[in-house]
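Asker: Below: sequence and its predicted model.
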Amino acid sequence: MEEFLYTVCGMEGIHARPAGQLAKKAAQYKSCVTIEKDGREATTSRLMALMGLDIRCGDSIKIKVEGSDEHTAADGIKRFMTEHSI
Amino acid sequence: MIVLNGTGVSSGIAYGKIRFFRHSKCAVEKISVSDTDREIKRWREAANDASSQLLEMAQRQEGGDAADLFETHRLMLRDPDFVEAIEKEIVESSVNAEAAIEVVGKRFSQMFSSMENDYMRERSADVDDVSNRLINILSGSSEQESGVPTSPVIIAADDLSPSETVLLDRSTILGFILINGSKNSHTAILARNLGIPAIIGIGEKLARELDGRYAVMDGSEGMAVIDPDERMMRELEKKRQNENAQKRRMEALRGKPDVTEDGKNIKVYANIASPADVKYVLENDAAGIGLFRSEFLFLESGSLPTEEQQFEAYSSVLKKMEGREVIIRTLDIGADKNAEYLGLERELNPELGMRGIRLCLTRPDIFKTQLRALYKASVYGKLLIMFPMVAGLWELIDAKRICREVREELHEKGVAFDENVPIGIMVETPAAALIADDLAKEADFFSVGTNDLTQYTLAADRQGSALERFYDIAHPAVMKLIEETIRAAHANDIWAGICGESAADTSLTEQFLKMGADEFSVSPKTVLPLRGAVRSGKAY
């Protein structure tokens, strides 16, 4: 499993649109992507639960990637989040 | 004449007919059913229809925010938790699909109810949007074309859903007035993007019987007036013309170089507090970032940010600025800020306490982590490092020594970085201004932090409102120190800039230009007005 920490920098945190962008990106990989904040977690396919994590601008979140392409996926997702100011 | 007050979320003045937006929302009738299989089939078909509707809408938008939004709604429809909850509700309560969707939609919205108001509203707005789409499909009502205006109007509504907002024909909207609404809703963002006024939170005084009446609205004041009298109209018309003329002047400055009338190139840069602010820097056409306050990473989160987290933040800003200068100020927090994990002792006078470079030199572990992250990020653009709160020469020399140690360390590890990152200081203590000649021999640039410099020179707290008339940013003592700083910089062949409140004060621009200021760093929204002042000012 690959994991990394990320500080959310989008003004409105992870609300519907960034959650959707993230889910779409994660779906490109075979790996399962889980987001954790304050001990609560949600996989990216569960969009509403992800929105329910109440992730705000400046929050530190942990992203866990597990699967056959976890290395590429973790890299790709991290780059995607930075580039899209999530 | 009826005056309505709310919160302005987008400025501008508009005059026109009020048009109440009619939601195409169907009342849901709860029906007990025995054939739950049939309802499950109906729901699944509706979900498929909704999915293709959204796909088609997304394609029609040809990218952009609206397309992203519809894509997201499509994914929400497929959320396994949502699907499972609806099917379970149909079976266990033996109800029709519409009723099940309504109940489950509400339950998911409530999941967000522990959040702060604005956050919650934005998230539940999307869930409601998706549920309504499904219910409309099931009850056979058409897309929300009803109530869409054809001639320009001020749109009134209790609130607008995200998809209602993006589907509005932009050429027919003069402004928005909403009974509820939130500051960062799609409606507010759209209004700001279009440059049209929007007011939220007007409350029930904005009644449906006002539909069709004439109104004038002022977004910056958060005020709408129904059937305005002549005096009010004249006043606001004058304000509108002024605002428009100002806006046109500012737009005309976009893309223009920052050169004084007599030909000196000036850097007009913007301040940011987080990577998310870069978009405002680009929107306002700033030529670089003159002050990136790195504190945001250290506040908000309850622990020290890791090197990795810092690297991500710094490199993302450098990448987005595509080779333009980015001046990152190293950590400037002290005991007054909410960072308990630093374990700082409470101070009687934090403004004179362990903050800025003092903290960094006292806690080299924190400082080195930040410097490593900065140097590693330096390969992604044009980075400059700046130290805050320097008062003595030894502080700068010591800080530079630590920078050198970090560079050597990275060298040994074979990590790539820019060897020639300029290192400058904020001149914000009177001491630094008075020994600027010595400091200029060690620093690559100066940036005068006028807020702190004023406060420390005049011994007047800038937060104390009772002290307002004693806290004078243009006090001759402060101006003398600034002049001396710039003179010393030029005598040692380095550049000097101005940041803080006075940098944005265009009545002082000419004076700073005459002193020889080479750079200004201001909040993104004052970049264009400042450019105007620079272009009509003289440096010699």
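Answerer: Alright, I've got the coordinates.
Asker: Does residue B:279 lie in a helix or a strand, and which?
Answerer: Counting by DSSP states H and E, the element that carries residue B:279 is helix B:278-283.
Asker: What helices and strands are in contact with the next helix or strand after that helix?
Answerer: Using DSSP H and E, the helix or strand that follows helix B:278-283 towards the C-terminus is strand B:289-293. Counting contacts by 3 or more Cβ pairs under 8 Å, 6 or more residues apart in numbering or on different chains; DSSP states H and E, strand B:289-293 packs against strand B:267-272, strand B:325-329, strand B:495-499, strand B:519-522. (C-beta placed from N, C-alpha, C; glycine too.)
Asker: by contact count, what packs against the helix holding residue B:279?
Answerer: strand B:267-272, helix B:307-320.
Asker: Which one of the helices and strands packed on strand B:289-293 lies nearest to chain A?
Answerer: strand B:267-272 (10.7 Å; Cβ to the nearest Cβ).
Asker: Outside of the closest one itself, list whatever touches it.
Answerer: B:258, B:278, B:280-281, B:284, B:286-293, B:317, B:325, B:327, B:497, B:499, B:518-524, B:527, B:530-531, B:534 (Cβ atoms under 8 Å, 6 or more residues apart in numbering or on different chains).
Asker: what about the helix holding residue B:279, distance to the chain center?
Answerer: Counting by Cα atoms, centre = their mean, to the nearest Å, helix B:278-283 is centred 9 Å from the centre of its parent chain.
Asker: for the record, mean pLDDT for it?
Answerer: The pLDDT scores in helix B:278-283 average 90.
Asker: same question, stretch A:61-75
Answerer: 92.
Asker: ok, and for it, which residues are buried?
Answerer: Within stretch A:61-75, the residues scored as buried using 16 or more other Cβ atoms under 10 Å in any protein chain shown are A:61, A:63-65, A:70, A:73-74.
Asker: secondary structure element for the closest residue to chain A within chain B?
Answerer: In chain B, the residue that lies nearest chain A is residue B:72 (2.7 Å; Cβ to the nearest Cβ). Using DSSP H and E, residue B:72 sits within helix B:64-77.
Asker: Quick check: the residue of chain A nearest chain B.
Answerer: residue A:20 (2.7 Å).
Asker: Around that residue, how many other residues sit close by?
Answerer: Neighbours of residue A:20 under the rule other Cβ atoms under 10 Å in any protein chain shown: 25.
Asker: Would you mind giving the secondary structure of it?
Answerer: helix (DSSP: H, G, I helix; E, B strand; the rest coil).
Asker: So it sits against residue B:78, correct?
Answerer: No. With contact defined as Cβ atoms under 8 Å, residue A:20 does not reach residue B:78; the gap is 10.9 Å.
Asker: contacting residues for the closest residue to residue B:322 other than its chain neighbours?
Answerer: Using Cβ to Cβ, 6 or more residues apart in numbering or on different chains and skipping the chain neighbours, the partner closest in space to residue B:322 is residue B:381 (7.0 Å). Residue B:381 is in contact with B:317-319, B:321-324, B:326, counting by Cβ under 8 Å, 6+ apart.
Asker: quick one, phi/psi of residue B:381?
Answerer: phi 180, psi -160 (degrees, to the nearest 10).
Asker: For it, give its distance to residue A:75.
Answerer: Remark: distance between residue B:381 and residue A:75 (Cβ to Cβ, to the nearest Å) = 20 Å.
Asker: which parts of chain A sit against chain B?
Answerer: Listed as neighbours of chain B in chain A under the rule Cβ under 8 Å from any Cβ of the partner chain: A:4-7, A:9-13, A:15-17, A:19-21, A:23-24, A:45-49, A:51-52, A:54, A:56-60, A:78, A:82-83, A:85.
Asker: buried subset of those residues?
Answerer: A:4, A:6-7, A:9-13, A:15-17, A:19-21, A:23-24, A:45-49, A:51-52, A:54, A:56-60, A:78, A:82, A:85.
Asker: now, which of the residues you listed lie within helices?
Answerer: Secondary structure assignment by DSSP state H places A:16-17, A:19-21, A:23-24, A:47-49, A:51, A:78, A:82 of those in helices.
Asker: Now for the residues you listed: which two are most distant?
Answerer: Spanning the widest gap among those are A:48 and A:82, at 24.9 Å by Cβ to Cβ.
Asker: Name the residue most distant from the centre of chain A?
Answerer: The C-alpha centroid of chain A is most remote from residue A:68, which lies 17.9 Å away (Cα atoms, centre = their mean).
Asker: correct me, but that residue touches residue A:29?
Answerer: No. Counting by Cβ under 8 Å, residue A:68 does not reach residue A:29; the two are 9.1 Å apart.
Asker: Excluding chain neighbours, what is closest to residue B:151?
Answerer: Distances taken as Cβ to Cβ, 6+ apart put residue B:172 closest to residue B:151, at 6.4 Å, once the chain neighbours are dropped.
Asker: actually residue B:190, sorry about that
Answerer: residue B:165 (5.6 Å).
Asker: low pLDDT regions in chain B?
Answerer: Scanning chain B for pLDDT under 70 picks out B:25, B:62-64, B:113-114, B:116-119, B:141-150, B:184, B:300-302, B:335-338, B:464-465.
Asker: Tell me how it divides into domains.
Answerer: B:2-22+B:149-250, B:37-138, B:264-535 (automatic domain parsing).
Asker: From the centroid of chain A, which residue is nearest?
Answerer: residue A:35 (5.1 Å).
Asker: May I have the secondary structure class of that one?
Answerer: Of the three states, residue A:35 takes strand according to three-state DSSP.
Asker: what's the distance between it and residue B:316?
Answerer: 19 Å.
Asker: Repeat that for residue B:21.
Answerer: 38 Å.
Asker: can you check residue B:307 too?
Answerer: For residue B:307 relative to residue B:316 (Cβ to Cβ), the value is 15 Å.
Asker: And for residue B:477?
Answerer: Residue B:477 sits 41 Å away from residue B:316, taking Cβ to Cβ as the criterion.
Asker: do residue B:4 as well
Answerer: Counting by Cβ to Cβ, the gap from residue B:4 to residue B:316 is 42 Å.
Asker: now swap in residue A:55 and tell me
Answerer: Using Cβ to Cβ, which is the criterion applied here, residue A:55 is 17 Å from residue B:316.
Asker: which stretches of chain A aren't confidently modelled?
Answerer: A:11-12.
Asker: do the longest helix along chain B and chain A meet?
Answerer: Using DSSP H, we find that the single longest helix of chain B is helix B:36-61. No. Helix B:36-61 is not in contact with chain A by Cβ under 8 Å from any Cβ; minimum separation 10.8 Å.
Asker: Residues of the stretch 201-350 of chain B that sit close to chain A?
Answerer: So far as Cβ under 8 Å from any Cβ goes, the stretch 201-350 of chain B lies against chain A at B:274-276, B:278-279, B:296-297, B:299-301, B:303, B:305-306, B:308-309, B:312-313, B:315-316, B:319.
Asker: filter those to the buried ones?
Answerer: B:274-276, B:278, B:296-297, B:300-301, B:305-306, B:308-309, B:312-313, B:315-316, B:319.
Asker: Fine, thanks again, bye for now.
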